[in-house]
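A.B. asks: Take a look and give me a structure for this.
(2 chains)
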Amino acid sequence: MAASRSDPAAGEYDAIVVGSGISGGWAAKELTEKGLKTLLLEAGPPIVPSRDYVEHVQAYSLPYRGYGNLKKLHAEQPIQSQTGACNEWGAKFFVNDIENPYEYDAQAPFTWIRGRHVGGRSIMWGRQVYRWSDLDFEANAKEGIGVDWPIRYADIDPWYSHVEKFIGVSGQAEGLAQLPDGEFLPPMQLNCAETHVQAAMAKRFGRERVLTIGRCAILTRPHLGRAACHYCGPCERGCITASYFSSIGSTLPAAHRTGRLTLRPNTVVASVTYDERSARATGVRAVDAETMATLEFRARLVFLCASALESARILLNSKTPRFPQGLANSSGQLGRNVMDHCFGAGANGTLPGMEDHKTFGNRPNGIYVPRFRNVTGKHGKFVRGYGFQGAGFRRNWVRGAQTQGLGAEFKQALLRDLGPWRFDLGGFGECLPREENYVALHPTLKDKWGIPALRIQCTYGPNEREIIKDMQLSATEILEAAGAKDIETFNDELPPGMCIHEMGTARMGRDPKTSVLNAWNQAHDVPNLFVTDGACMSSSGNQNPSITYMALTARACDYAVEQLKRRDL
Amino acid sequence: MDRREFLEVVAGLSALVPGLIGEEAYAQSQARARGAAKMRTLDPLQEATVTRVADILVPQTDTVGATGVGVTAFIDLLLSDSMRPLQRERFLEGLAAINARSQERYGAPLPSAKPEEQETLLRTLDAQLPHRDPTPAELRALAQAPVTAERGYAVLKALVLLGYFTSEPVAQGLLISAPIIPGRYDGCIPV
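C.D. replies: Here you go, the predicted structure:
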């Protein structure tokens, strides 16, 4: 059944892009700018910034003042509400877990945090952007883990620049081999505590452990028609001035300007359609999220950008006689090698002094300590490494609940003093690709739209556990070097998924027998099918991955359009 | 009267009250000021316990105190509409544990103990306040154990402070904080 003639999205397209988040927005922009008539399908509803963004709403304007309606959150979003941004302000940007079920073993939980609306998780993302280096791209080959990446840094370097110049990235160049510098707007300022820790680290660790301001997709000056950040703080609730990068504020307007984009929200893609004779994808089959009508759309190219697990789910659900285990899955690797970043461990402490100084404004960014383990030396207990994110801050009245005191003096102190400077360091660790971490279609469980749900099997292994331990030790060393008091390590024992960096389910590789995608994010088995979200990742690095998805997407679009012109697809 | 007006009235009233009238009359005026805010979950003893603890923690001074911005009603709202049944039960157990401790020490639940006894008891509990969030292991242990007066007090203190500092009169009128749209970021300036 095709989309009816009256459907606003009816017609023939050069390309279909599935998903309008960080990767899909980029695919839509690049393909339309290169002349392709493109249909962008988004499973969720539109977002209207003037109506839906709530970054300036104060706690006292909410019924529960930010505490949230826990009964409702638990009933409708028991998984989503485990992440901080799914709160009384932002719960609407996260899926309903009852409508979007999945299954895991009680002993091996996986938290799958999703946004289904135009813009996807680019609305609530952490906005941290770090380039990979050859330390990352070469690791699998050197250590014999997983499959070798079919690309190296030189292949992606110009595409990182291409993306950075468009989205706007503020940051400080550091000249570190393991974390290449990019096209930076002026960096945000470090605060008093961070400057102090930076100097103490330089003294104690030299260039081994460097503290730099977070590199983030937030504008520190006007950029391509978007306003500079006004430092209200909670970006994850939206940004009416589009000062941080999101599809809605950046890539989708660019795609619309070409006149070649058709965006169809509320369109839940169930599968990719395939023609056995030509051995090509022909389009997608979808369900209208509101009417439940079955729809079919056709195009010469299909880009899956639905997020790592959703893109794998769509392909697993696209069984054909030639691909009984899911489309483009002759390798059997589709859905396997699920990775996230292990995090939720580190240390914090109090920095004495500097109490006569404070910050002004709410900087939506922290500090970064680039990976220092297994960079030049070799750690005895684990391979790969981790970076730290954190901040120096004064807790203001929030410290009251954990500060002894009561009565008039206590009240006055919480009203008038900002409290001591605290410093917090939390690790983001690399996770190794392992085949036994996989997603598969559930035999019976389906989502609200009748599409088979996923069963997710994913646990951390010994390498991740050693990394989690080391994060606590080395964060303590850094805080000690800075003269911190009352240092406490922490390990929140978070399950995989909580870092919301899930990836790896359709890995890139050189050999069609052991990987799903080639060096251009093109399915080995289906030449006109591309997957450019986190599914493509052959390893996880320890850097926040979104910028790499954007760069790989732009690169894949460039390749696909060239191939299309040469009629090789 | 909408919520905003209600808070303004309460805050304005309580700013005038303590020096003029006795504690009992003050409590009655507070109850009148709350008017529509009849408790939906807290029974009279629980309500009085929350109110006494709130008053002692964040008293009326030259600025409005916790009960002056309706903290008891806010906590009752969370208990009634937001908290899950187990959370609500554990919170109420905590109040009961505080009153049981008061009964054991002073022969009366907290609201009926003498003011100096009330303060002494709360200071004793406050001395045990954890200075950080519980670890996952501690949380698992807490979930298995009966709620102690110390734990009940820690949770109540957190909610009283939340209710007080997120109220509009305090958040907008009393706290030294940046405007909603600061327009710039300075990392290190004199206080």
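A.B. asks: Could you pull up the mean pLDDT of the helix or strand where A:R298 lies?
C.D. replies: Following DSSP states H and E, one finds A:R298 within strand A:294-304. Model confidence over strand A:294-304 averages 97 on the pLDDT scale.
A.B. asks: For A:W397, give me phi and psi.
C.D. replies: phi -70, psi -20 (degrees, to the nearest 10).
A.B. asks: Is there proximity between the longest helix along chain B and chain A?
C.D. replies: Secondary structure of chain B per DSSP state H: the longest helix is helix B:85-106. Yes. Applying Cβ under 8 Å from any Cβ of the partner chain, one finds helix B:85-106 in contact with chain A at B:Q87. Glycine gets a C-beta too; all of them are placed from N, C-alpha and C.
A.B. asks: Enumerate the positions of that helix that are buried.
C.D. replies: B:87-88, B:90-102, B:106 (16 or more other Cβ atoms under 10 Å in any protein chain shown).
A.B. asks: Looking at the stretch 251-400 of chain A, which residue is nearest chain B?
C.D. replies: Among all residues of the stretch 251-400 of chain A, A:G361 sits closest to chain B, at 3.7 Å; criterion: Cβ to the nearest Cβ.
A.B. asks: is the helix or strand following the longest helix of chain B anywhere near chain A?
C.D. replies: Beyond helix B:85-106 in the direction of the C-terminus, DSSP H and E gives the next helix or strand as helix B:115-126. Yes. Applying Cβ under 8 Å from any Cβ, one finds helix B:115-126 in contact with chain A at B:E119, B:L122, B:R123, B:D126.
A.B. asks: Tell me how far the residue nearest the centre of chain B lies from B:L122.
C.D. replies: Against the mean C-alpha coordinate of chain B, by Cα atoms, centre = their mean, the closest residue is B:V160 at 2.7 Å. In this structure, B:V160 and B:L122 are 11 Å apart, going by Cβ to Cβ, to the nearest Å.
A.B. asks: Between the two, which contacts overlap?
C.D. replies: B:V53, B:L57 (Cβ atoms under 8 Å, 6 or more residues apart in numbering or on different chains).
A.B. asks: quick one: low-confidence parts of the chain?
C.D. replies: Here I'm looking at chain A. A:1-5 (pLDDT under 70).
A.B. asks: other chain: chain B
C.D. replies: B:1-37.
A.B. asks: who's in contact with the closest residue to A:M498 other than its chain neighbours?
C.D. replies: Leaving aside its chain neighbours, A:M498 sits nearest to A:T111 (5.0 Å; criterion: Cβ to Cβ, 6 or more residues apart in numbering or on different chains). Contacts for A:T111 were tallied using Cβ under 8 Å, 6+ apart; they are A:I79, A:Q82, A:T83, A:L494, A:P495, A:P496, A:G497, A:M498.
A.B. asks: So which residues of the chain form helices?
C.D. replies: I went with chain A, as the question did not name one. Using DSSP H, the helices of chain A run over residues A:22-33, A:49-52, A:70-76, A:134-137, A:139-143, A:153-167, A:192-205, A:252-257, A:308-316, A:408-416, A:462-481, A:546-565.
A.B. asks: actually it's chain B I care about, not the one you picked
C.D. replies: Going by DSSP H, chain B shows helices at B:3-16, B:23-34, B:44-57, B:71-77, B:85-106, B:115-126, B:136-144, B:149-165, B:168-173.
A.B. asks: that older thread, now, which of the buried residues of helix B:85-106 sits nearest chain A?
C.D. replies: B:Q87 (6.9 Å).
A.B. asks: Hmm, the closest one is touching A:L70, no?
C.D. replies: Yes. Counting by Cβ atoms under 8 Å, B:Q87 touches A:L70, with 6.9 Å between them.
A.B. asks: Chain B contacts on the stretch 251-400 of chain A?
C.D. replies: A:E355, A:D356, A:H357, A:K358, A:T359, A:F360, A:G361, A:N362, A:R363, A:N396, A:W397, A:G400.
A.B. asks: and what of the stretch 51-200 of chain A?
C.D. replies: Neighbours of chain B within the stretch 51-200 of chain A, by Cβ under 8 Å from any Cβ: A:56, A:58-60, A:63-71, A:74, A:188-192, A:194-195.
A.B. asks: Just the buried ones from those?
C.D. replies: A:56, A:59-60, A:64-65, A:67-71, A:188-192, A:194-195.
A.B. asks: which ones are touching residue 93?
C.D. replies: As the question left the chain open, I've gone with chain A. By Cβ under 8 Å, 6+ apart, the neighbours of A:F93 are A:A85, A:C86, A:G115, A:H117, A:I123, A:M124, A:E236.
A.B. asks: wrong one, chain B
C.D. replies: So B:E93 contacts B:P146, B:V147, B:G152 (Cβ under 8 Å, 6+ apart).
A.B. asks: who wins for neighbours among these?
C.D. replies: B:G152 (25 neighbours; other Cβ atoms under 10 Å in any protein chain shown).
A.B. asks: That one and chain A: what is the separation?
C.D. replies: The spacing between B:G152 and chain A, counted by Cβ to the nearest Cβ, to the nearest Å, is 14 Å.
A.B. asks: For that residue, which non-adjacent residue is closest in space?
C.D. replies: B:G94 (2.2 Å).
A.B. asks: I'd say the one you found and B:V147 touch.
C.D. replies: Yes. Using Cβ under 8 Å, B:G94 makes contact with B:V147 at a distance of 4.7 Å.
A.B. asks: ok, A:I547 - contacts?
C.D. replies: Contacts for A:I547 (Cβ under 8 Å, 6+ apart) come out as A:V129, A:Y130, A:R131, A:Y160, A:V163, A:E164, A:V169, A:A217.
A.B. asks: cool, A:G427 as well?
C.D. replies: A:C342, A:F343, A:A345, A:G346, A:Y386, A:G387, A:F388, A:I467, A:I468, A:M471, A:A475.
A.B. asks: list the contacts for the nearest residue to it once chain neighbours are set aside?
C.D. replies: Closest residue to A:G427 apart from its sequence neighbours, by Cβ to Cβ, 6+ apart: A:M471 at 3.3 Å. Going by Cβ under 8 Å, 6+ apart, A:M471 touches A:A345, A:G346, A:Y386, A:F388, A:G426, A:G427, A:G429.
A.B. asks: same check, this time on A:L425
C.D. replies: Counting by Cβ under 8 Å, 6+ apart, the residues that A:L425 touches are A:G346, A:A347, A:N348, A:V369, A:F388, A:Q389, A:G390, A:A475, A:I478, A:L479.
A.B. asks: Thought A:F423 was touching the first one, still the case?
C.D. replies: No. Shown here, A:G346 and A:F423 do not form a contact pair, counting by Cβ under 8 Å, at 10.4 Å.
A.B. asks: hang on, the earlier thing: can you tell me which of the residues of the stretch 251-400 of chain A next to chain B end up in strands?
C.D. replies: A:H357, A:K358, A:T359, A:F360 (DSSP state E).
A.B. asks: Need those in JSON lines (columns: neighbour count).
C.D. replies: Shown next, in JSON lines, are those (neighbours: other Cβ atoms under 10 Å in any protein chain shown):
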{"residue": "A:H357", "neighbour count": "18"}
{"residue": "A:K358", "neighbour count": "20"}
{"residue": "A:T359", "neighbour count": "22"}
{"residue": "A:F360", "neighbour count": "18"}
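A.B. asks: Grab the two from those that are most spread out in space.
C.D. replies: A:H357 and A:F360 (10.6 Å; Cβ to Cβ).
A.B. asks: Please enumerate the shared neighbours of these two.
C.D. replies: B:I189.
A.B. asks: what's B:G152 in contact with, if anything?
C.D. replies: Contacts of B:G152 (Cβ under 8 Å, 6+ apart): B:F91, B:E93, B:G94, B:L95, B:A96, B:A97, B:I98.
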